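model the structure of this input:
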Amino acid sequence: MPAPQEADIFLVPLLNGDHTVGQVIEVEKTPEKSVLCLLSLKRLTPDDTSAPLNLSEMIALVLTRPDHFADGTWPIIGFEQLPQIEKVFKLAEAKSNGFENVAIHEPAIIEAFANACHGHYPWDAFPDPQFFDRLLVTKAARPPAARMKSQFPA
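Sure thing, here's the model as predicted:
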């Protein structure tokens, strides 16, 4: 599979068979060959046509490893104009300081987060029950579909 490129629209699989949409924001000046990605609550299928994402649809902005792009787990379905990230994240500053204090998350963490956003995985399942809250974009509310461990069958 081709390496992800800036502006690529990709899909993250959900546990129910659906997919949520993300977009590659930066690949060049990221630490340790990571990829800066925008995640949204929008859903598409691999057969759908990509469409530009709006900042209002953004739920998280995360650094992750490119593994799931390379192996096809996160299919790239198109490319679109990038939203104005600088309105919610100081991208130029982050690039200039090497994304200091921004953690790189494994793709499995991103998939767990995406599934928690859509109610398919407990929001508080990690040892730190606030972990997913810290992945949310500043001022983003917890997604309405998010459910806690106590709301899942035992």
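
going by length in residues, pull out the top helix of the chain.
When the chain is parsed with DSSP state H, its longest helix is helix 107-117.

who are the contact partners of Arg147?
Gly119, Pro122, Trp123 (CB atoms under 8 Å, 6 or more residues apart in numbering). C-beta here means a position set from N, CA and C on the backbone, and glycine is covered the same way.

just give the nearest non-adjacent residue to the first one, would you?
The spatial neighbour of Gly119 that comes closest, neighbours along the chain excluded (CB to CB, 6 or more residues apart in numbering), is Ala145 at 3.8 Å.

can you report phi and psi for that neighbour?
phi -80, psi -10 (degrees, to the nearest 10).

that one is in contact with His118, isn't it?
Yes: between Ala145 and His118 a contact is recorded at 5.3 Å, counting by CB atoms under 8 Å.

neighbour count winner among those two?
His118 (19 against 12; other CB atoms under 10 Å).

please, where are all the strands along this protein?
8-13, 19-26, 35-43, 58-64, 76-79, 104-105 (DSSP state E).

any chance of the ones you listed in CSV, plus mean neighbour count?
Below are the strands of the chain laid out as CSV (neighbours: other CB atoms under 10 Å):
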stretch, mean neighbour count
strand 8-13, 22
strand 19-26, 23
strand 35-43, 22
strand 58-64, 22
strand 76-79, 17
strand 104-105, 18
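
any chance of the ones you listed in a markdown table, plus distance to Leu136?
A markdown table is the format used below for these (distance: least, CB to CB, whole Å):
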| stretch | distance to Leu136 |
| --- | --- |
| strand 8-13 | 16 |
| strand 19-26 | 14 |
| strand 35-43 | 10 |
| strand 58-64 | 6 |
| strand 76-79 | 24 |
| strand 104-105 | 13 |
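
got those strands as CSV, with mean pLDDT columns?
Below are these laid out as CSV (pLDDT from 0 to 100):
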stretch, mean pLDDT
strand 8-13, 97
strand 19-26, 96
strand 35-43, 95
strand 58-64, 94
strand 76-79, 94
strand 104-105, 96
